[in-house]
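> here is my input; please provide its structure:
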Amino acid sequence: MKFRRDLIIVALVTFCLTATVFMVVPTRSADDPNWNPWADLQDDGTVDIYDAITLANAFGSSGDTPKNVNVTNWPTQLPAPNYRIDHYNLNISWNSGYGSTGFEGYLDGYSRMSYQITVYYWWPNSSGTVSFRAPSIYWMIKPIGGGTHGGMESLNSSVLVFALGTPYQGFSLDTATMIETKAPHYTLFINCNSTISTGWMLADVFVYLRNE
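Numbers count the residues shown, from 1 in each chain. Reported below is the predicted structural model:
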(Lines give C-alpha, C1' and ligand atoms only; values in the text may rest on other atoms or scores of the structure.)
Protein backbone atom coordinates (compact mmCIF):
# COMPACT_ATOMS: atom_id res chain seq x y z
CA MET A 1 0.00 0.00 0.00
CA LYS A 2 2.83 2.37 0.86
CA PHE A 3 4.53 1.54 -2.47
CA ARG A 4 1.31 2.36 -4.35
CA ARG A 5 0.98 5.69 -2.52
CA ASP A 6 4.59 6.63 -3.29
CA LEU A 7 4.05 5.69 -6.90
CA ILE A 8 1.02 7.99 -7.16
CA ILE A 9 2.96 10.86 -5.59
CA VAL A 10 5.83 10.38 -8.04
CA ALA A 11 3.37 10.30 -10.94
CA LEU A 12 1.65 13.52 -9.80
CA VAL A 13 4.93 15.36 -9.30
CA THR A 14 6.18 14.19 -12.70
CA PHE A 15 2.98 15.37 -14.34
CA CYS A 16 3.16 18.77 -12.65
CA LEU A 17 6.83 19.24 -13.59
CA THR A 18 5.99 18.39 -17.19
CA ALA A 19 3.05 20.80 -17.18
CA THR A 20 5.23 23.68 -16.02
CA VAL A 21 7.29 23.39 -19.19
CA PHE A 22 4.20 24.35 -21.24
CA MET A 23 2.85 26.88 -18.76
CA VAL A 24 3.35 30.41 -20.05
CA VAL A 25 1.73 32.58 -17.35
CA PRO A 26 0.73 31.21 -13.92
CA THR A 27 -2.65 32.04 -12.48
CA ARG A 28 -1.92 34.97 -10.22
CA SER A 29 -4.72 37.51 -10.20
CA ALA A 30 -8.35 37.66 -9.25
CA ASP A 31 -8.85 39.29 -12.68
CA ASP A 32 -8.09 35.93 -14.33
CA PRO A 33 -11.41 34.11 -14.89
CA ASN A 34 -9.65 30.81 -14.01
CA TRP A 35 -8.34 32.08 -10.68
CA ASN A 36 -9.32 29.87 -7.76
CA PRO A 37 -7.93 31.07 -4.41
CA TRP A 38 -8.79 27.73 -2.80
CA ALA A 39 -6.35 26.04 -5.19
CA ASP A 40 -3.54 28.30 -3.92
CA LEU A 41 -2.59 25.93 -1.11
CA GLN A 42 0.61 27.86 -0.33
CA ASP A 43 -1.28 31.21 -0.05
CA ASP A 44 1.38 32.99 -2.12
CA GLY A 45 -0.95 34.38 -4.79
CA THR A 46 0.06 31.84 -7.43
CA VAL A 47 -1.22 28.36 -8.27
CA ASP A 48 1.99 26.53 -9.18
CA ILE A 49 4.04 23.36 -8.69
CA TYR A 50 4.43 23.98 -4.98
CA ASP A 51 0.66 23.75 -4.52
CA ALA A 52 0.72 20.49 -6.50
CA ILE A 53 3.42 19.09 -4.21
CA THR A 54 1.31 20.02 -1.17
CA LEU A 55 -1.65 18.24 -2.75
CA ALA A 56 0.45 15.18 -3.62
CA ASN A 57 1.73 14.92 -0.05
CA ALA A 58 -1.82 15.03 1.26
CA PHE A 59 -3.15 12.54 -1.31
CA GLY A 60 -5.17 9.74 0.29
CA SER A 61 -5.57 11.51 3.66
CA SER A 62 -8.98 12.20 5.23
CA GLY A 63 -10.48 14.40 7.94
CA ASP A 64 -12.96 17.21 8.62
CA THR A 65 -13.96 19.39 5.65
CA PRO A 66 -14.23 22.87 7.32
CA LYS A 67 -11.33 25.25 6.64
CA ASN A 68 -9.97 28.01 8.89
CA VAL A 69 -10.82 31.46 7.50
CA ASN A 70 -9.59 34.80 8.90
CA VAL A 71 -11.96 37.71 8.23
CA THR A 72 -10.09 41.04 8.22
CA ASN A 73 -12.66 43.47 6.76
CA TRP A 74 -15.29 43.55 9.49
CA PRO A 75 -17.44 46.75 9.32
CA THR A 76 -16.23 49.39 11.78
CA GLN A 77 -19.72 50.80 12.39
CA LEU A 78 -23.01 48.96 12.34
CA PRO A 79 -25.95 50.70 10.64
CA ALA A 80 -28.36 52.49 12.94
CA PRO A 81 -31.62 50.66 13.81
CA ASN A 82 -34.83 51.86 12.15
CA TYR A 83 -35.73 54.10 15.09
CA ARG A 84 -34.56 55.35 18.49
CA ILE A 85 -36.22 57.30 21.32
CA ASP A 86 -34.13 59.66 23.48
CA HIS A 87 -35.37 61.03 26.81
CA TYR A 88 -34.36 64.32 28.45
CA ASN A 89 -35.39 66.04 31.71
CA LEU A 90 -35.68 69.83 31.54
CA ASN A 91 -36.06 72.58 34.14
CA ILE A 92 -37.61 75.50 32.29
CA SER A 93 -37.57 78.73 34.27
CA TRP A 94 -38.71 82.27 33.48
CA ASN A 95 -38.09 85.73 34.86
CA SER A 96 -40.07 88.89 34.15
CA GLY A 97 -42.57 86.68 32.38
CA TYR A 98 -40.13 85.17 29.85
CA GLY A 99 -37.74 82.21 29.77
CA SER A 100 -35.78 80.15 27.27
CA THR A 101 -33.78 76.93 27.43
CA GLY A 102 -32.52 74.22 25.13
CA PHE A 103 -30.95 70.79 25.05
CA GLU A 104 -28.42 69.16 22.78
CA GLY A 105 -28.73 65.76 21.12
CA TYR A 106 -26.79 63.46 18.78
CA LEU A 107 -28.60 62.14 15.71
CA ASP A 108 -26.22 59.23 15.04
CA GLY A 109 -27.10 58.87 11.36
CA TYR A 110 -30.91 59.11 11.62
CA SER A 111 -32.66 60.98 8.82
CA ARG A 112 -35.80 62.32 10.54
CA MET A 113 -36.89 63.35 14.03
CA SER A 114 -39.89 64.55 16.02
CA TYR A 115 -40.37 65.40 19.70
CA GLN A 116 -42.87 65.47 22.53
CA ILE A 117 -42.54 67.84 25.50
CA THR A 118 -44.67 67.05 28.57
CA VAL A 119 -44.81 69.48 31.53
CA TYR A 120 -45.59 67.58 34.74
CA TYR A 121 -44.77 70.05 37.55
CA TRP A 122 -44.62 73.84 37.88
CA TRP A 123 -44.24 76.65 40.38
CA PRO A 124 -45.93 78.76 41.56
CA ASN A 125 -49.22 76.87 41.66
CA SER A 126 -51.32 80.00 41.63
CA SER A 127 -53.55 81.82 39.21
CA GLY A 128 -51.88 82.61 35.93
CA THR A 129 -50.97 80.98 32.65
CA VAL A 130 -47.85 79.78 30.87
CA SER A 131 -47.44 79.31 27.13
CA PHE A 132 -44.47 77.51 25.64
CA ARG A 133 -43.30 76.26 22.27
CA ALA A 134 -40.17 74.99 20.50
CA PRO A 135 -39.58 77.77 17.95
CA SER A 136 -36.29 76.67 16.39
CA ILE A 137 -33.58 74.03 16.13
CA TYR A 138 -29.86 74.62 15.67
CA TRP A 139 -28.03 72.11 13.45
CA MET A 140 -24.37 71.48 14.29
CA ILE A 141 -21.52 69.56 12.67
CA LYS A 142 -19.94 69.06 16.10
CA PRO A 143 -21.20 69.53 19.68
CA ILE A 144 -21.48 73.09 20.99
CA GLY A 145 -18.03 72.92 22.56
CA GLY A 146 -16.49 71.63 19.31
CA GLY A 147 -16.12 75.09 17.80
CA THR A 148 -18.03 74.27 14.61
CA HIS A 149 -21.11 76.38 13.86
CA GLY A 150 -24.22 75.20 12.11
CA GLY A 151 -27.47 76.67 10.85
CA MET A 152 -30.68 77.74 12.55
CA GLU A 153 -34.01 76.40 11.30
CA SER A 154 -37.39 77.76 12.36
CA LEU A 155 -39.95 75.15 13.41
CA ASN A 156 -43.63 75.39 12.63
CA SER A 157 -44.58 74.15 16.09
CA SER A 158 -47.78 74.91 17.96
CA VAL A 159 -48.07 76.94 21.16
CA LEU A 160 -49.28 75.18 24.30
CA VAL A 161 -51.02 77.25 26.99
CA PHE A 162 -51.95 75.88 30.42
CA ALA A 163 -53.20 77.35 33.68
CA LEU A 164 -50.79 77.40 36.60
CA GLY A 165 -53.56 77.14 39.18
CA THR A 166 -54.93 73.83 37.88
CA PRO A 167 -54.13 70.46 39.51
CA TYR A 168 -50.83 68.93 38.39
CA GLN A 169 -51.20 66.94 35.21
CA GLY A 170 -49.41 66.44 31.95
CA PHE A 171 -49.51 69.14 29.27
CA SER A 172 -47.91 67.90 26.06
CA LEU A 173 -46.53 69.71 23.03
CA ASP A 174 -45.93 67.54 19.95
CA THR A 175 -44.47 68.24 16.54
CA ALA A 176 -47.05 68.02 13.78
CA THR A 177 -44.64 66.42 11.30
CA MET A 178 -41.26 64.73 11.22
CA ILE A 179 -38.28 67.05 10.80
CA GLU A 180 -35.62 66.22 8.22
CA THR A 181 -32.24 66.13 9.96
CA LYS A 182 -29.45 68.24 8.48
CA ALA A 183 -26.37 67.62 10.68
CA PRO A 184 -25.00 65.06 13.17
CA HIS A 185 -25.83 67.20 16.24
CA TYR A 186 -28.64 69.57 17.19
CA THR A 187 -29.88 71.91 19.92
CA LEU A 188 -33.65 72.24 20.33
CA PHE A 189 -34.75 75.55 21.87
CA ILE A 190 -37.86 76.03 24.04
CA ASN A 191 -39.38 79.42 24.88
CA CYS A 192 -42.04 80.18 27.48
CA ASN A 193 -44.12 83.21 28.46
CA SER A 194 -46.12 83.61 31.66
CA THR A 195 -48.49 86.05 33.24
CA ILE A 196 -46.61 85.35 36.50
CA SER A 197 -43.33 87.27 36.75
CA THR A 198 -41.13 84.44 38.05
CA GLY A 199 -41.51 80.68 38.05
CA TRP A 200 -40.31 77.37 36.67
CA MET A 201 -41.61 74.08 35.38
CA LEU A 202 -40.28 70.54 34.97
CA ALA A 203 -40.73 68.71 31.70
CA ASP A 204 -40.01 65.36 30.05
CA VAL A 205 -38.78 65.56 26.46
CA PHE A 206 -38.93 62.53 24.18
CA VAL A 207 -37.13 62.77 20.85
CA TYR A 208 -38.15 60.19 18.25
CA LEU A 209 -35.47 59.43 15.63
CA ARG A 210 -36.24 57.42 12.52
CA ASN A 211 -34.60 56.28 9.28
CA GLU A 212 -36.51 56.48 6.04
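> C-terminal to the worst-scoring helix or strand of the chain on mean pLDDT, what's the next element?
Lowest by mean pLDDT, DSSP states H and E among the helices and strands of the chain is helix 2-22, with a mean of 54. Beyond helix 2-22 on the C-terminal side, the first helix or strand identified by DSSP states H and E is helix 49-57.
> got the buried residues for that next one?
When burial is assessed from 16 or more other CB atoms under 10 Å, helix 49-57 yields the following buried residues: 49, 51-53, 56. For every residue, glycine as well, the C-beta is placed using N, CA and C.
> quick one: Tyr121 from Ala56, how far?
Distance of Tyr121 to Ala56, given as CB to CB, to the nearest Å: 83 Å.
> ignore the last one, Gly170
From Gly170 to Ala56 the distance is 80 Å (CB to CB).
> burial measure for Thr166, as a count.
12 (other CB atoms under 10 Å).
> please settle this for me: is it part of a helix?
No: with DSSP: H, G, I helix; E, B strand; the rest coil as the criterion, Thr166 is assigned coil and is not in a helix.
> from Ile117, how far off is it?
18 Å.
> same thing with Trp94?
15 Å.
> could you do Met201 as well?
10 Å.
> same question, Gln169
14 Å.
> so these two - more neighbours on which side?
Just comparing Gln169 and Ile117: by other CB under 10 Å the higher neighbour count belongs to Ile117, 24 against 9.
> excluding its backbone neighbours, what's nearest the more buried one?
Leu173 (4.5 Å; CB to CB, 6 or more residues apart in numbering).
> okay, now that neighbour: neighbour count?
Counted by other CB under 10 Å, the residues lying close to Leu173 total 19.
> for it, what are its contacts?
For Leu173, the contact set (CB atoms under 8 Å, 6 or more residues apart in numbering) comprises 116-118, 132-134, 157-158, 160.
> dump the residues you listed to CSV, plus distance to Phe189 and secondary structure.
What follows is these, written out as CSV (distance: CB to CB, whole Å; DSSP: H, G, I helix; E, B strand; the rest coil):
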residue, distance to Phe189, secondary structure
Gln116, 16, strand
Ile117, 12, strand
Thr118, 17, strand
Phe132, 11, strand
Arg133, 10, strand
Ala134, 7, strand
Ser157, 10, coil
Ser158, 15, coil
Leu160, 15, strand
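> what about the protein, any weak spots by pLDDT?
Applying pLDDT under 70 to the chain flags residues 1-31, 65-80, 144-150, 175-176.
> correct me, but Met201 touches Tyr121?
Yes: assessed by CB atoms under 8 Å, Met201 is found in contact with Tyr121 at 6.6 Å.
> so for those two, which sits in the more crowded spot?
Met201 (22 against 12).
> which residue packs closest to that one, ignoring adjacent ones?
Nearest residue to Met201, sequence neighbours excluded (CB to CB, 6+ apart): Trp122, at 3.8 Å.
> what does the one you found show for phi and psi?
phi -150, psi 160 (degrees, to the nearest 10).
> outline the domain layout of the chain.
Recorded structural domains for the chain (assignment: automatic domain parsing) are 2-57, 83-210.
> in CSV: these, plus distance to Asp64.
Shown next, in CSV, are the domains of the chain (distance: least, CB to CB, whole Å):
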stretch, distance to Asp64
domain 2-57, 16
domain 83-210, 42
